[in-house]
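Peer 1: just to be clear, the model below is a prediction. Sequence and coordinates:
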Amino acid sequence: METICHLHSIYRGTEGEGINIGMPQVFVRFQGCNIGCLNCDSMETWDFEAPMKLSVSQVFEEIRKEGLIHRVSITGGDPLHPKHVPSVLELAKFLKEHHFEMNLEASGTRIVDEIFDLVDFISFDCKTPSTGVKTPEKLLLKLDEQYANKSQIKSVIADEKDFKYVKDLKENLEESGKLMTPWVLTPCFNTGDQFNPELSQMIFELNYQAGSPFRVIGQQHKFIYGSKELRI
């Protein structure tokens, strides 16, 4: 009996944020998340009642329908929620066997070594105060120790408090040694919002003043498609 993936959607798109911005991928979005970030831009993926329930081989067939793209982004929802881990692991093994590259969007609440070892790139959230959620520092250190060569840390910045939090956190983590993982800041751009250039300008300026410890990268897909539609 094949493992069943509980999904929100499968679609072709282009990476809209982080250091791989602009890269064509097929997005496999899992349905279900209980983290509860206050400024989440994909709340429609929280409910664990999935609109799509497909076997791993069926997911692969849907990916193949999207054309000559050999990179898959596994996202959510929370693809690393314990309910999803068996199917994500099975899917990752299957894609690896068929020579697909994989990007994993990780919520920053857990590291699953079996999955992290298989994928080609990990975007690991570091939650900021505006989210109402906190990422354990030990997970950031473990990510940096084991997966720095194929990962990024990503933080969504809504205000100056968020920036100060990640700046102080990065400095504290670096006390135990130089962090090798690139750290990306994304200006908050929620569903239905208009683009706020002043927020991006503020983050750029704060980053300059701090000695430029971060890369600041906006959400390209929202500039192109608008913020009303879930695109990545």
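Peer 2: Received it, and whenever you're ready, just let me know what you need.
Peer 1: tally up the residues packed near residue 8, please.
Peer 2: Neighbours of residue 8 under the rule other C-beta atoms under 10 Å: 24. Bear in mind the C-beta positions are built from the backbone N, C-alpha and C, glycine included.
Peer 1: surely it forms part of a strand?
Peer 2: Yes - assignment of residue 8 by DSSP: H, G, I helix; E, B strand; the rest coil places it within a strand.
Peer 1: from residue 31, how far out is it?
Peer 2: 4 Å (C-beta to C-beta, to the nearest Å).
Peer 1: any shared contact partners between those two?
Peer 2: Counting by C-beta atoms under 8 Å, 6 or more residues apart in numbering, the shared contacts of residue 8 and residue 31 are 45, 50, 51, 52, 76, 77.
Peer 1: just the buried positions in the longest helix anywhere in the chain, please.
Peer 2: For the chain, the longest helix by residue count, based on DSSP state H, is helix 160-174. For helix 160-174, burial by neighbour count (16 or more other C-beta atoms under 10 Å) applies to 162, 163, 165, 166, 167, 169, 170, 173.
Peer 1: what's the answer for stretch 22-32, then?
Peer 2: Residues 23, 25, 26, 27, 28, 29, 30, 31, 32 are the ones in stretch 22-32 that count as buried (16+ other C-beta under 10 Å).
Peer 1: quickly list what the fifth one is bridged to.
Peer 2: Okay, so that is residue 28. Beta-bridge pairing for residue 28 (DSSP bridges): residue 10, residue 74.
Peer 1: and the pLDDT for it?
Peer 2: Looking at residue 28, its pLDDT reads 97.
Peer 1: if I look at the nearest residue in space to residue 29 that is not next to it in sequence, how far off is residue 58?
Peer 2: Closest residue to residue 29 apart from its sequence neighbours, by C-beta to C-beta, 6 or more residues apart in numbering: residue 8 at 4.3 Å. Distance of residue 8 to residue 58, computed by C-beta to C-beta: 15 Å.
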